[in-house]
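[1] With the sequence up front, the predicted model follows.
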Amino acid sequence: MVTDGHNHTKHFSPDAAQSVEELCTSAEQCGIRRLAVTEHYDADFPDSSLNWVFDIEEYKTAFPNWQSANPAVELLMGVEFGYQAHLASKIDGLALQAPFDVVLLSNHLIRGEDIYVSKLCYEIPRKERFAEYVATLAEMTERCSNFDVVAHYDYINRYGTDDDSRVSYDDCPAEFDRFLEALVSKEKALEINTKSIQKLAQKNACDIMPDPKIIQRYIDMGGRLITLGSDSHTPDGIGICFEETIEYLKSLGITETVYYKGHKPYPETL
Ligand SMILES: [Zn+2]
Ligand SMILES: [Zn+2]
């Protein structure tokens, strides 16, 4: 099984319920032998009831112990930085404060509100909502440099109530082109987030797999770096929907994904 490049633990991510031991045990049971721990670092997050930032020095100290306590699984030290316009240079600085294997960059907000709980978000007409979200992905990819992967480009439709809520290239082609062009020119990876797929499956959406046009456009522009991440927060989330997603990617002609170690992409055959 390929690497799971996106996971959270309760030690440093306030919304995760699994310990690193539980994560590693579950990974082994799924046949996953390598995974990235990518704890949340969302500075100035609007939901101040939880602490969305952690002490990077503490994380650096804890991580080697995690690896020695769980030798059957290779752990990659990662982080998921949450973007806001005023944080671009701060994120680039923070990313250098530890020898991260992989840095994910993501956006959990629309108009300053948390997409997970925002009601305003779903009052914005569907296409406008998607266009705004993808434009922010483009902006963060252009403005930040010290990251490897853009996580869950489809987060905007993960918690929506629309029946056909998969975000598609044709919803906002100009914004997707700008985003994918920035990814390709900066040689950053596009994550296929399998939790987003699972959420669409739970809503009985008609199309649950990522829009093939988005992936094809990235490849046509010269993109070669695709990662897989389950975004697990509990032990049952690791590797979720990986088998179906791998089959789907192969059906699109994609034969390899990558994982990052020391910020370098390593290919894995699907
Ligand atoms: Zn996220
Ligand atoms: Zn995450």
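    Thanks, I have it. Numbers count the residues shown, from 1 in each chain. Ligands and ions are numbered 1, 2, ... in the order given.
[2] For stretch 108-115, measure first residue to last.
    From its first residue to its last, stretch 108-115 covers 6 Å (CA to CA, to the nearest Å).
[3] now that stretch: mean pLDDT?
    The average pLDDT within stretch 108-115 is 95.
[4] can you check stretch 47-67 too?
    Taken as a whole, stretch 47-67 carries a mean pLDDT of 95.
[5] quick check, that stretch touching ligand 2?
    No - applying CB under 5 Å from the ion, one finds stretch 47-67 separated from ligand 2 by no less than 11.4 Å. For every residue, glycine as well, the C-beta is placed using N, CA and C.
[6] Now do the contacts for the residue of the stretch 101-250 of the chain found nearest ligand 2.
    Nearest residue of the stretch 101-250 of the chain to ligand 2: Asp231, at 4.4 Å (CB to the ion). Shown here is Asp231, whose contacts under the criterion CB atoms under 8 Å, 6 or more residues apart in numbering are 6-8, 151-152, 193-196, 237.
[7] Mind checking which of those residues are in strands?
    Asn193 (DSSP state E).
[8] how about the nearest residue to the residue of the stretch 101-250 of the chain closest to ligand 2, chain neighbours excluded?
    Lys195 (3.9 Å; CB to CB, 6 or more residues apart in numbering).
[9] if I look at Pro99, how far off is ligand 2?
    20 Å (CB to the ion, to the nearest Å).
[10] residue ranges for the strands of the stretch 51-200 of the chain, please.
    Assigned by DSSP state E, counting those that start in this stretch, the stretch 51-200 of the chain shows strands spanning 74-82, 102-106, 109-110, 113-114, 149-150, 189-193.
[11] neighbouring strands for the first one, and are they parallel or not?
    Meaning strand 74-82. With DSSP bridges as the test, strand 74-82 is paired with strand 34-41 (parallel), strand 102-106 (parallel).
[12] tell me the mean pLDDT over that strand?
    98.
[13] same check, this time on the last one
    Regarding strand 189-193, the rounded mean pLDDT is 98.
[14] if I pick Asn53, what's in contact with it?
    Asn isn't right for residue 53; it's Val. Applying CB under 8 Å, 6+ apart, the residues contacting Val53 are 41-43.
[15] Can you tell me which of those residues is nearest Asp177?
    Asp42 (27.3 Å; CB to CB).
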